[in-house]
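Asker: Have a look; sequence and predicted model below, questions after that.
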Amino acid sequence: MNLAPEAPLQAGAALQFGVAMARWLDAAFDALAVLDLSFPRNSLANALPGSLVGIADAEALPRAEAAFLRRFRAAGGWAPLCDAATLAEQPSAARWQQPGARRLAYAEAPVAAPMLDALLAAAPRPWFLWRDNAGGEAAGLLAKHPDHASVALQIDVGTDAARYHLVLPASDAAAAAEALEAAGRRLGLAVALGGTAELQLRLDVPSAAAAPRPPLLAKLPAGLLAHDGAYRSEADGDYSWLWSGPERHLRIALGSLPPFSRWLKLAVIGVPRPEMLDRMAVSLNGDQVPCRLERWSDTSAGVVVDLPAELPPDLILGLSVPYLVKEDQGERRLGFCMDKIEVFS
């Protein structure tokens, strides 16, 4: 996948933009419901649990890449990736489906015409947030809908910058700008407001050596993962788990992890046979990488994987077992059961 930034960025800056924008939006707007069309980057969704995810325009991708990405299902396997045909099929419990939600669709590339038409026909109509490299999408939407306005946003991380356009009904623009300005100040960030429509947020990312960070950066429960190669997640209250199968492989779209993530641990809470853990293979974006086991019992362990120094924003974790075992009661062919992934600095 060719999803690299257009220009080199300082360490952590590319990943920090999504985290910063997610925090900013979440602090500014109540009942925020996001449709993140940057899959597999999940630029906002990773920092805003409960977001819907999708591909801006699968038809614009190479055929093999589009077919590969369409294999993934979100929300622990319960939800298809969003497009014009599946937008109405999302789980009823999703924030996007809740009355009174502030809907916002985010994209980093031009959105397919059928998807854009479906969003514009929705009631209530969502707001749109585009990264600047989305090919003039904001200008095109404004030309077709003169009752809308654009709020220009910028996030600075050190010497790097990311620019965005928030397109929304003109009647909402001034209040949205004021809410974003106030939210930035509540977060303790330097905010500059230009005129009534242009808002700029500046952030400084400290160096990896100097920045104090908690050891645990993120915890990803099974019920929130977008994956290919597993059954739907199961749950008991807030606790969730999933079984790999009916294929030997499981791929998990980790997307944009927190800046300065150094290693992760996938919690395997059960395998049909102990040797399946010992013979597990791991890959990152298709390249096999070593792993080590933090053994808890014969059939459970933490699978520890070191992450590359330069984290790609579209990270896909792959795990495979040498064979599958049919469950004792039922027809499923099982590999391993996992309940979460933890990401550490």
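Answerer: Good, I have the coordinates. Residues are numbered from 1 along each chain as shown.
Asker: for stretch 245-257, how far is the first residue from the last?
Answerer: End-to-end distance for stretch 245-257: 25 Å, by CA to CA, to the nearest Å.
Asker: Pull out the buried positions in it.
Answerer: By neighbour count on 16 or more other CB atoms under 10 Å, the buried set for stretch 245-257 is 245, 247-257. Placement of C-beta: from N, CA and C, glycine included.
Asker: Let me have those in TSV, extended by secondary structure, pLDDT and distance to Gly223.
Answerer: As requested, the buried residues of stretch 245-257 are exported to TSV (DSSP: H, G, I helix; E, B strand; the rest coil; pLDDT from 0 to 100; distance: CB to CB, whole Å):
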residue	secondary structure	pLDDT	distance to Gly223
Gly245	coil	97	17
Glu247	coil	94	20
Arg248	coil	97	23
His249	strand	97	20
Leu250	strand	98	15
Arg251	strand	98	17
Ile252	strand	98	13
Ala253	strand	97	15
Leu254	strand	96	15
Gly255	strand	93	16
Ser256	coil	91	20
Leu257	coil	91	19
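Asker: Out of those residues, flag the one nearest to Ser150.
Answerer: Ser150 lies nearest to Ser256 out of those, by CB to CB, at 24.6 Å.
Asker: That closest one against Ser43, yeah?
Answerer: Yes - using CB atoms under 8 Å, Ser256 is in contact with Ser43, at 5.3 Å.
Asker: Need the overlap of contacts for the two.
Answerer: Common neighbours of Ser256 and Ser43, using CB atoms under 8 Å, 6 or more residues apart in numbering, are 18, 313.
Asker: Trp96 reaches Glu89, doesn't it?
Answerer: No - using CB under 8 Å, Trp96 makes no contact with Glu89, being 11.6 Å away.
Asker: Tell me which of these two has more neighbours.
Answerer: Neighbour count, other CB atoms under 10 Å: between Trp96 and Glu89, Trp96 has more, with 20 against 10.
Asker: Look at that one and tell me its secondary structure.
Answerer: helix (DSSP: H, G, I helix; E, B strand; the rest coil).
Asker: Helix or strand next in line after the lowest-mean-pLDDT helix or strand in the chain, which one?
Answerer: Least confident element among the helices and strands of the chain, by mean pLDDT, DSSP states H and E: strand 198-203 (a mean of 50). Where DSSP states H and E defines the elements, the next helix or strand beyond strand 198-203 is strand 216-221.
Asker: Now do that next one: which elements does it pack against?
Answerer: Where contact means 3 or more CB pairs under 8 Å, 6 or more residues apart in numbering; DSSP states H and E, strand 216-221 is packed against strand 337-344.
Asker: which residues in the chain form helices?
Answerer: If DSSP state H is used as the criterion, the helices of the chain fall at 13-28, 63-69, 113-121, 137-144, 170-186, 275-278.
Asker: is it true that Val321 touches Ser244?
Answerer: Yes - with contact defined as CB under 8 Å, Val321 and Ser244 form a contacting pair (7.0 Å).
Asker: Need the residues touching each of the two.
Answerer: By the contact definition CB under 8 Å, 6+ apart, Val321 and Ser244 are jointly contacted by 335-336.
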